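Engineer: below are the sequence and a predicted model; questions follow.
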Amino acid sequence: EGKGKRRSSLHDFKKTGELMLIKVNKTLEVKTKLLNTTEQCAKRCSRNKGLSFTCKAFAYDRVTKRCHWLSFNSLTNGVRKKQDHAFDLYEKKDYVRNCIIGKGADYKGTISVTKSGIQCQAWNSMIPHEH
């Protein structure tokens, strides 16, 4: 790691080529803007800059150079996947990862049962076990 090298914002995203997400649930939010690079889209999504929602993913239209920030990802109810050669989908790893890293304080995935199938205890609950 040399001095002056910056970590790419894209590192926090899982890329799926030629895929777009279509919202079936009309309450889900999308914002679009012309931007030259996926790196610029990723930075805005990571910082939620200029967005009225938490950005969980973005789709980049390589033809029109338009970024589509999404308040949802491929695991969200009310969303369907659409094969589209113009788009690349970038989903925040924190929201699509199904494993816990470290103590799991920042875990946002979808797994809510233990390996043996027991329902997980909510972080803010002292039942059935104290922390």
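Structural biologist: Thanks, I have the structure now.
Engineer: which residues in the protein form helices?
Structural biologist: 38-47, 93-96 (DSSP state H).
Engineer: just the pLDDT for the residue lying closest to residue 75 once chain neighbours are set aside.
Structural biologist: Spatial nearest neighbour of residue 75, excluding adjacent residues (Cβ to Cβ, 6 or more residues apart in numbering): residue 110 at 5.7 Å. Backbone N, C-alpha and C define where each C-beta goes, glycine included. Listed pLDDT for residue 110 reads 70.
Engineer: distance of residue 110 relative to residue 19?
Structural biologist: 19 Å (Cβ to Cβ, to the nearest Å).
Engineer: before we move on, what about residue 95?
Structural biologist: For residue 95 relative to residue 19 (Cβ to Cβ), the value is 16 Å.
Engineer: out of the two, which sits in the more crowded spot?
Structural biologist: More neighbours surround residue 95 than the other of residue 95 and residue 19, with 20 against 17 (other Cβ atoms under 10 Å).
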